[in-house]
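Participant: Sequence plus predicted model, see below.
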Amino acid sequence: MGKRKVRICEYCKQEIENNQPSQPSGKKIFHASCYRKYETEKYEKDKTETERLKEIEDEVNDIFGLEDITPMLRRQIQKIFEENPKFTYNGVLHSIKYYYQVMGNEPDTKYGLGFIPFIYKEAKEFYIMKNKVIDKLQKDGKFEQEIETYVYKPPKSNKNKHIINMEKL
Ligand SMILES: [Zn+2]
């Protein structure tokens with residue numbers, strides 16, 4: 001029996017089994033799913049703070065249907081980073097996505113983004129778990145596309161009592 005050539009993924013340092021999709025890059029080889037993460041991380045690392053902040057503001061504009069971010073929302077975003085020095089841009093961005101897209105809350109400029117510190121950890125755990133599931137499926141070659149966890153709930157009127165009103169704090 002000849003020697004079996006073991007291919008090791010450059011990203012997760014684990015073996016790439018024959019049934020797992022792989023992606024060569026130069027002299028390196030990756031699991032196909034690891035390669036996507038590797039590329040994304042490389043791109044993320046090169047981004048400036050202004051670009052990261054802009055990404056958050058763009059997401060907020062999208063959700064709230066705004067052309068430009070309002071002064072209040074901009075202040076809120078600044079305040080969140082000032083008061084929570086450990087929060088990352090990516091974490092805040094995903095907290096916003098989580099709150100509206102996953103939890104299905106209705107955007108309301110009156111209340112804005114005061115919820116972020118309260119759901120930050122939960123959002124982070126959600127996306128870590130989600131990525132683990134996608135990872136597993138992709139490594140098994142069962143799944144080639146991203147799962148979009150988008151839960152749409154139709155607009156409901158004034159049921160946002162549980163949202164913290166930042167203006168009143
Ligand atoms: Zn890998």
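Facilitator: Structure's in. What do you need?
Participant: Number of residues surrounding residue 67?
Facilitator: Around residue 67 there are 5 other residues, counting by other CB atoms under 10 Å. C-beta coordinates here come from the backbone N, C-alpha and C atoms, glycine included.
Participant: cool, residue 103 as well?
Facilitator: Residue 103, neighbours per other CB under 10 Å, totals 15.
Participant: And it, how far from residue 126?
Facilitator: According to CB to CB, to the nearest Å, residue 103 stands 9 Å off from residue 126.
Participant: Identify the contacts common to these two.
Facilitator: Counting by CB atoms under 8 Å, 6 or more residues apart in numbering, residue 103 and residue 126 have no common neighbour.
Participant: So residue 29 lies in a strand, does it not?
Facilitator: Yes. Residue 29 forms part of a strand when assessed by DSSP: H, G, I helix; E, B strand; the rest coil.
Participant: residues touching it, list them.
Facilitator: Going by CB under 8 Å, 6+ apart, the list of residues near residue 29 reads 7-10, 16, 22-23.
Participant: tell me which residues form a beta bridge with it?
Facilitator: Judged by DSSP bridges, the bridge partners of residue 29 are residue 24.
Participant: now it: how far from the ion?
Facilitator: From residue 29 across to the ion, the span is 9 Å (CB to the ion, to the nearest Å).
Participant: which helices and strands sit right next to the helix or strand hosting residue 138?
Facilitator: Applying DSSP states H and E as the criterion places residue 138 in helix 116-139. Packing partners of helix 116-139 (3 or more CB pairs under 8 Å, 6 or more residues apart in numbering; DSSP states H and E): helix 32-45, helix 71-83, helix 89-97.
Participant: hmm, try it at 7 Å
Facilitator: helix 32-45, helix 89-97 (3 or more CB pairs under 7 Å, 6 or more residues apart in numbering; DSSP states H and E).
Participant: deepest of those helices, which one?
Facilitator: Comparing the helices and strands packed on helix 116-139 by mean neighbour count (mean count of other CB atoms under 10 Å), helix 89-97 ranks first with a mean of 20.
Participant: can you pull the contacts of residue 68?
Facilitator: Listed by CB atoms under 7 Å, 6 or more residues apart in numbering, residue 68 has no contact partners.
Participant: So for it, what pLDDT did the model give?
Facilitator: Here the pLDDT value assigned to residue 68 is 93.
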